[in-house]
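Enquirer: coords please:
(chains A, B and C)
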Amino acid sequence: MHRTQTRRRFLSLAGGAAVAGALPVVSVRPLQATPAMLNSAIRNVVGEAPVRTGKVTLDIPPLVENGNTVPMTVRVASPMTATDFVKSIHVFNEKNPQPNIGNFYIGASAGRAQVSTRIRLADSQKVVAIAQLSDGSFWSASAEVIVTLAACTEEVN
Amino acid sequence: MNLRFAIACASLLLAAFPLLAGEIPPNQRRSGYSFIAPDTKAIQDDDTANPGMLFVLDGETLWKKKIGAADKSCADCHGDAASTMKGVAARYPAFDKGLARPVNIEQRVNLCRANHQQASPLAYESHDLLALTAFVARQSRGVAISTGDDPALAPFVARGRERFMQRQGQLNLSCANCHDDNWDRKLAGSAITQAHPTGYPLYRLEWQSLGSLERRLRSCISGIRAQAYDYGAPELVELELYLMSRARGMAMETPAVRP
Amino acid sequence: MPAALVNVPPKARRGDVIEIKTLMSHIMETGYRHTAAGDVVPRDIITSFTCRYNGTEIFRADFFPAIAANPFMSFFTVAKDSGKFEFEWIGDNGFSETASAAITVE
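Expert: The predicted structure is shown next:
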């Protein structure tokens, strides 16, 4: 039974759309490039714990001008008090050669659970952000990003 | 009567051909900044987040560094760049009397190094040359471009313009085909800009580095499958000269950010 | 000559949530590119970024090759006492750079 529940969390995670505070939804998705790598990278961080969608906002342009530099902001709704705060934020992707993008460790002294950086995306794909709260729970959001390639190929000279 | 009228019209049209060549009217000129996504604009607008500023900072350090057999820094002659270099990049490429031809900022830096610092020239697209030119051009941010006003430059501007209009390469395209006639249309999903070099040297996301106008021109020329001129070639400088004079009146944005 | 650009508000009131922005010059070579000859260009990235506020770690990040070149990082902290922020970037091939910024908290 435990395995079925975990699988439900897997699939709801792969399902993607952030639905605030919703119950996990079982959804079937077509096989994509490296879903196993993405899922095992997530499991490395999350262990056997369930991952719920919600609380996390992943701000990333839906159509990027250049996959080399994609601005990204992750925000987590949290009071950020000494007893209720965000411990860390982990960002993953599904089609780059590697599933990890970055891990960000913040803690209660942050005041605001928000990080911004610029990432690389090799192809149009899904990006997933997972936050770990002080109570040990995990929350996630994901976004589908379209990556176009430069029109004129440059000769390396 | 009709024939004469027709001939008169035809000759009028021919005489007016240079205007009809599709040059962008001044009130429709737009910087490359207006074609980029809001997220990319945000990177350019924030000096604390613009990666081009890393090069500008390095340039500031190099400006004060004593080098060469003369053991002199740029600052020793030029003092505080914020005042002495203000407006300089906005009128480059400029005429060099000694060489009797236009030189761009990169060449001016190397001429200074040779003549006044007795130092070896910096390689084109080297980090140090990019940093120095970015630092110098940054002092002209907001200044209106005035390149080409010098009458001595007229024949060189004309040659640059010819090259801009000339079809070349396997794709048989001229710069004007895209940048005068088809700007704002899409080329494989990206908007074609008007090709005004208002922000050079700039941070190009594709390069993940700062780069010069010559680098961009060489990439474009290779992109249409033509043989690109070497860095510093007179043909390339004349093209830079024409492009800057074509952008006369527009404000400098160095260091810009572009996809 | 790696340069770092760090931006910390020079002044803040105690309890304010302030934004810290950092930019570090680094190629972030992914290790997945190849030369024309077909050889892999070896990985050369910043792997870790830390920020300390008056000696206490307030922010830490693990970077992977998917972080863009010249890494930009923005995060927040609560202004507590006057003092110093210290930043450290560590990476492949012994890369190690630091920067600092002062703050006055009233």
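Enquirer: Next, give phi and psi for the residue of chain C found nearest chain A.
Expert: Nearest residue of chain C to chain A: C:Val17, at 3.5 Å (Cβ to the nearest Cβ). For glycine as for every other residue, the C-beta is placed from the backbone atoms N, C-alpha and C. Backbone torsions of C:Val17, given as degrees, to the nearest 10, read phi -90, psi 120.
Enquirer: hang on, it packs against A:Gly111?
Expert: Yes: when contacts are counted by Cβ atoms under 8 Å, C:Val17 is listed as touching A:Gly111 (3.5 Å).
Enquirer: mind listing the strands for chain B?
Expert: Ranges of strands in chain B, per DSSP state E, are B:94-96, B:101-103, B:186-187, B:190-191, B:202-204, B:209-211, B:257-258.
Enquirer: What lies in contact with the last one?
Expert: When you say that, I think you mean strand B:257-258. With contact meaning Cβ atoms under 8 Å, 6 or more residues apart in numbering or on different chains, strand B:257-258 is reached by B:32, B:36, B:40-41, B:43-44, B:50-52, B:199, B:202-205.
Enquirer: change it to 6 Å
Expert: Outside strand B:257-258, the residues within contact range by Cβ atoms under 6 Å, 6 or more residues apart in numbering or on different chains are B:Gly32, B:Thr40, B:Ile43, B:Gln44, B:Leu202, B:Tyr203, B:Arg204.
Enquirer: re the thing from before, A:Pro62 is nearest to which of the strands of chain B?
Expert: Set against A:Pro62 and scored by Cβ to Cβ, the strands of chain B come closest in strand B:190-191, at 15.8 Å.
Enquirer: tell me which residues in stretch C:47-56 are buried?
Expert: Residues C:Thr47, C:Phe49, C:Thr50, C:Cys51, C:Arg52, C:Tyr53 are the ones in stretch C:47-56 that count as buried (16 or more other Cβ atoms under 10 Å in any protein chain shown).
Enquirer: Would you mind giving the residues you listed as TSV with secondary structure, distance to chain B and pLDDT added?
Expert: Formatted as TSV, the buried residues of stretch C:47-56 follow (DSSP: H, G, I helix; E, B strand; the rest coil; distance: Cβ to the nearest Cβ, whole Å; pLDDT from 0 to 100):
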residue	secondary structure	distance to chain B	pLDDT
C:Thr47	strand	18	98
C:Phe49	strand	15	98
C:Thr50	strand	19	98
C:Cys51	strand	15	98
C:Arg52	strand	20	97
C:Tyr53	strand	18	97
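Enquirer: Farthest-apart pair in the contacts of strand B:257-258, please.
Expert: Farthest-apart pair in the contacts of strand B:257-258 is B:Gly32 and B:Ile43; separation 13.6 Å (Cβ to Cβ).
Enquirer: A:Pro61: what's it in contact with?
Expert: Neighbouring residues of A:Pro61 by Cβ under 6 Å, 6+ apart: B:Asp39.
Enquirer: what about it, which SS state?
Expert: The local conformation at A:Pro61, judged by DSSP: H, G, I helix; E, B strand; the rest coil, is coil.
Enquirer: Neighbours of the residue of the stretch 101-250 of chain B found nearest chain A, how many?
Expert: As assessed by Cβ to the nearest Cβ, chain A sits closest to B:Gly223 within the stretch 101-250 of chain B, at 3.1 Å. Neighbour count of B:Gly223, defined by other Cβ atoms under 10 Å in any protein chain shown: 19.
Enquirer: could you measure it against B:Leu243, distance?
Expert: Applying Cβ to Cβ, to the nearest Å, the value for B:Gly223 to B:Leu243 is 16 Å.
Enquirer: State the pLDDT value of the closest residue in space to B:Thr147 that isn't next to it in sequence.
Expert: Spatial nearest neighbour of B:Thr147, excluding adjacent residues (Cβ to Cβ, 6 or more residues apart in numbering or on different chains): B:Met244 at 3.7 Å. At B:Met244, the predicted lDDT confidence score is 97.
Enquirer: For A:Val76, name its beta-bridge partners.
Expert: Per DSSP bridges, the residues bridged to A:Val76 are A:Val56.
Enquirer: what pLDDT does it get?
Expert: On pLDDT, A:Val76 comes in at 97.
Enquirer: quick one: contacts for it?
Expert: The contact partners of A:Val76, taken as Cβ under 6 Å, 6+ apart, are A:Lys55, A:Val56, A:Val86, A:Ala113, A:Ala131.
Enquirer: repeat for C:Met24
Expert: Contacts here follow Cβ under 6 Å, 6+ apart; on that basis C:Met24 touches C:Ala4, C:Pro71, C:Trp89.
Enquirer: Adding distance to chain A, neighbour count and secondary structure, write these out as a markdown table.
Expert: Formatted as a markdown table, the contacts of C:Met24 follow (distance: Cβ to the nearest Cβ, whole Å; neighbours: other Cβ atoms under 10 Å in any protein chain shown; DSSP: H, G, I helix; E, B strand; the rest coil):
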| residue | distance to chain A | neighbour count | secondary structure |
| --- | --- | --- | --- |
| C:Ala4 | 15 | 17 | strand |
| C:Pro71 | 7 | 24 | coil |
| C:Trp89 | 13 | 24 | strand |
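Enquirer: Name the member of the residues you listed with the shortest distance to B:Gly169.
Expert: Among the contacts of C:Met24, C:Pro71 lies closest to B:Gly169 (Cβ to Cβ), at 37.3 Å.
Enquirer: what number of residues lie near the residue of chain A at minimum distance from chain C?
Expert: For chain A, the residue closest to chain C is A:Gly111, as judged by Cβ to the nearest Cβ, at 3.5 Å. Neighbours of A:Gly111 under the rule other Cβ under 10 Å: 20.
Enquirer: isn't it right up against C:Ala79?
Expert: No: using Cβ atoms under 6 Å, A:Gly111 is not in contact with C:Ala79; the gap is 8.5 Å.
Enquirer: What ranges does chain C have for its strands?
Expert: Counting by DSSP E, the strands of chain C are C:4-7, C:11-12, C:17-24, C:46-53, C:56-63, C:72-78, C:83-91, C:95-105.
Enquirer: For chain B, give me the ranges with low pLDDT.
Expert: Across chain B, the ranges flagged by pLDDT under 70 are B:1-22.
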